[in-house]
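*Asks:* how does the following fold in three dimensions:
(4 chains)
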2 protein chains.
Amino acid sequence: MLSSRFPVAVQILIILQWCSDDVKITSEVIASSVNTNPVIIRRIMGYLKKHDLITTASSADGAKLLKKADQITLLDVYKAVELTEANKLFALHENTNPYCPIGSRINDVLELHLGEARNALEVKLDSITIQDLVSEFIPFDDFTSSPEYKSIERFFPNSNNINNK
Amino acid sequence: MLSSRFPVAVQILIILQWCSDDVKITSEVIASSVNTNPVIIRRIMGYLKKHDLITTASSADGAKLLKKADQITLLDVYKAVELTEANKLFALHENTNPYCPIGSRINDVLELHLGEARNALEVKLDSITIQDLVSEFIPFDDFTSSPEYKSIERFFPNSNNINNK
DNA sequence: TGTGAGTGATACCAAGTTGGTTACAGAGAA
DNA sequence: TTCTCTGTAACCAACTTGGTATCACTCACA
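*Replies:* Predicted coordinates:
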């Protein structure tokens, strides 16, 4: 099973797009939504930043998307946070027997076919944008005009208070 | 990155199909081809056995396929050795903030779309059979009639001798 | 011109997974 | 009975992962 970095990275981008531009989104606010530590969020935002998907601000303004949400696909995000060399999906066994007719060629054969499978995954990921996902949530304006809404701190409360562990 | 259990399992099945029926294939022979420890092979063969893909013999005869090679797809193998609950591919972050409009629904939304991506992967894996892969190697009979061939031990030598670490 | 908020980076931790190894009881063919 | 091989258990070291604490630095703003 793959790590949760990718799903969390997607959630970060969704929040950045979902909130209106004048809301300051810090790592703490996002951590509250994910229910984890702000450092975890900053780590992942570091990867997103390195791949020119977002900007961050050291004191005010908070983080922003660097591209339009319908121009960021899940594949972009996947590649940004998948840390293995060349985003490998399947780990082949190294140093197979060079004297065995199967062992000596198995990795070439597997790389070809498992590469096709991985490509099918990536094509699908590339067809889904952050905007597609955002549109499946209640619009920010609808939410902030609802009776429950008081402030951004209200609906992104400190994660410590809701940790149901 | 996913573990190498799956690629190794595929190699095991390829060897079983590739060798002629009268060759006794033990975990040690396969370990030699993969260049690992026989116990690793037995562990993985245990999963393949549990999913009715192979049989093993405790003293003679060695292991055999339980289905025709063109009836075993890579998806069958993947599902047999992928040990996470329901063969999950992406690990979602648990206990997201139930009071946040994004956090409270993110996992439902991600499950839907990442499920589609995973499905694309699995459809591809399901289109490739063990027989497809076996046909990309030199036929067993051609190999055993070649000048280099002396015995099964000869071309599956003990892995210790060739470990180039 | 300070001050406070937030980032980025480091260091550390516990838990889980993985590939590898040794050991040994049991099955079963010869 | 003996020999081979399996299946399983018990370890182990290395690595990854999510989490936590700490701190220097940046920068808006009062």
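*Asks:* pull out the buried residues from stretch A:100-120.
*Replies:* By neighbour count, with 16 or more other Cβ atoms under 10 Å in any protein chain shown as the criterion, the buried positions of stretch A:100-120 are A:100-103, A:106-107, A:109-110, A:113-114, A:117-118, A:120. C-beta here means a position set from N, CA and C on the backbone, and glycine is covered the same way.
*Asks:* A:A9: which of the residues you listed is nearest?
*Replies:* Nearest to A:A9 among these is A:R118, at 18.9 Å by Cβ to Cβ.
*Asks:* is chain B within reach of stretch A:141-148?
*Replies:* Yes: Stretch A:141-148 lies within reach of chain B by Cβ under 8 Å from any Cβ of the partner chain, at A:F143.
*Asks:* angles on the backbone of A:E85, please.
*Replies:* Backbone torsions for A:E85, taken as degrees, to the nearest 10, come to phi -50, psi 120.
*Asks:* tell me the pLDDT at it?
*Replies:* pLDDT recorded at A:E85 is 86.
*Asks:* how near is it to chain B?
*Replies:* 9 Å (Cβ to the nearest Cβ, to the nearest Å).
*Asks:* same question for A:R118.
*Replies:* A:R118 is 7 Å from chain B, by Cβ to the nearest Cβ.
*Asks:* against DNA strand D, how distant is the residue nearest to that residue when sequence neighbours are not counted?
*Replies:* Once flanking residues are discounted, A:R118 sits nearest to A:L89: 4.5 Å by Cβ to Cβ, 6 or more residues apart in numbering or on different chains. Plainly put, A:L89 is 12 Å away from DNA strand D if you go by Cβ to the nearest atom of the strand, to the nearest Å.
*Asks:* what's A:L89 in contact with, if anything?
*Replies:* With contact set as Cβ atoms under 8 Å, 6 or more residues apart in numbering or on different chains, A:L89 has these partners: A:114, A:117-118, A:121, B:1-2.
*Asks:* thinking again about what came up before, let me have the buried residues of stretch A:100-120 in CSV, extended by pLDDT.
*Replies:* CSV is the format used below for the buried residues of stretch A:100-120 (pLDDT from 0 to 100):
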residue, pLDDT
A:C100, 93
A:P101, 94
A:I102, 96
A:G103, 96
A:I106, 98
A:N107, 98
A:V109, 98
A:L110, 98
A:H113, 98
A:L114, 98
A:A117, 98
A:R118, 98
A:A120, 98
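*Asks:* let's have those residues in JSON lines, adding secondary structure and distance to B:M45.
*Replies:* Putting these into JSON lines (DSSP: H, G, I helix; E, B strand; the rest coil; distance: Cβ to Cβ, whole Å) gives the following:
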{"residue": "A:C100", "secondary structure": "coil", "distance to B:M45": "18"}
{"residue": "A:P101", "secondary structure": "coil", "distance to B:M45": "21"}
{"residue": "A:I102", "secondary structure": "coil", "distance to B:M45": "16"}
{"residue": "A:G103", "secondary structure": "coil", "distance to B:M45": "17"}
{"residue": "A:I106", "secondary structure": "helix", "distance to B:M45": "17"}
{"residue": "A:N107", "secondary structure": "helix", "distance to B:M45": "20"}
{"residue": "A:V109", "secondary structure": "helix", "distance to B:M45": "20"}
{"residue": "A:L110", "secondary structure": "helix", "distance to B:M45": "18"}
{"residue": "A:H113", "secondary structure": "helix", "distance to B:M45": "21"}
{"residue": "A:L114", "secondary structure": "helix", "distance to B:M45": "20"}
{"residue": "A:A117", "secondary structure": "helix", "distance to B:M45": "23"}
{"residue": "A:R118", "secondary structure": "helix", "distance to B:M45": "25"}
{"residue": "A:A120", "secondary structure": "helix", "distance to B:M45": "28"}
